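J.: build me a model:
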Amino acid sequence: MTNTSDDARPHTERTVIRTRSPHDPARHVSAGELLAWWEAAQRRTVDAACTGRAVDVEDYWTELAVGTRLAAEVTAGRWVVVARLLRAGAVGDWSEIGAALDMSDHEAIAGFLGWVAGQGRLYQDTGIGLTRADADDLERLAVTVDGGGR
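T.: The predicted structure follows:
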């Protein structure tokens, strides 16, 4: 964000941040802090519109960029949670997962299996991710829940 050195980070809703990139700042920012930045920018645009004042278009950019970052932060661990649900035997079918993720059952299983494959490749390359045995186990669970149709 263009004014996000540690001493310039927003600490109140009156502080205006300006950004056009969801990748700035690069360091970890909590989802709560991101949400506060997003809400403050949104509140300022609504307040300006309701009072007839000019909207600072940089707040629109902040809403867009920080909203994108917030969405990525919130959804980053979704496949890990799906894996936990599968291992716990808590998934009856992929339509349940699809409904929770606002996608079809086909998109959900394809997304999950893609994540499993990616985590397997990551483990091969770096030692971080899913071992071949873990990946095989999760693939088996996914197909079993799917009724063996894949």
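
J.: quick one, phi/psi of Ala36?
T.: phi -60, psi -40 (degrees, to the nearest 10).

J.: for Gly77, same thing?
T.: Dihedral pair for Gly77: phi -100, psi 20, per degrees, to the nearest 10.

J.: same check on Arg43?
T.: Here is the backbone geometry of Arg43 (degrees, to the nearest 10): phi -60, psi -40.

J.: just Ala88 next, same as before
T.: The phi/psi pair for Ala88 (degrees, to the nearest 10) reads phi -80, psi -10.

J.: gap between it and Ala36?
T.: As for Ala88, its distance to Ala36 is 33 Å (criterion: Cβ to Cβ, to the nearest Å). Using the backbone N, CA and C atoms, a C-beta is placed for each residue, glycine as well.

J.: quick check: which ranges of this structure have low pLDDT?
T.: Scanning the chain for pLDDT under 70 picks out 1-17, 24-27, 147-150.

J.: can you map out the strands along it?
T.: With DSSP state E as the criterion, the chain has no strands.

J.: most remote residue from it's center?
T.: Distance to the chain centre peaks in the chain at Gly52, reaching 34.7 Å (criterion: Cα atoms, centre = their mean).

J.: how much space between it and Asp105?
T.: Distance from Gly52 to Asp105, by Cβ to Cβ: 48 Å.

J.: so which of Ala88 and Ala36 has more stuff around it?
T.: Counting neighbours by other Cβ atoms under 10 Å for Ala88 and for Ala36 shows that Ala36 has the greater number, 17 against 8.

J.: burial measure for the residue nearest to Asp93 when sequence neighbours are not counted, as a count.
T.: Leaving aside its chain neighbours, Asp93 sits nearest to Val145 (6.2 Å; criterion: Cβ to Cβ, 6 or more residues apart in numbering). Here the count is done by other Cβ under 10 Å, and Val145 has 21 residues near it.

J.: just Arg84 next, same as before
T.: Neighbourhood size, Arg84 [other Cβ under 10 Å]: 11.

J.: same deal with Arg20?
T.: Around Arg20 there are 12 other residues, counting by other Cβ under 10 Å.

J.: right, I'll leave it there.
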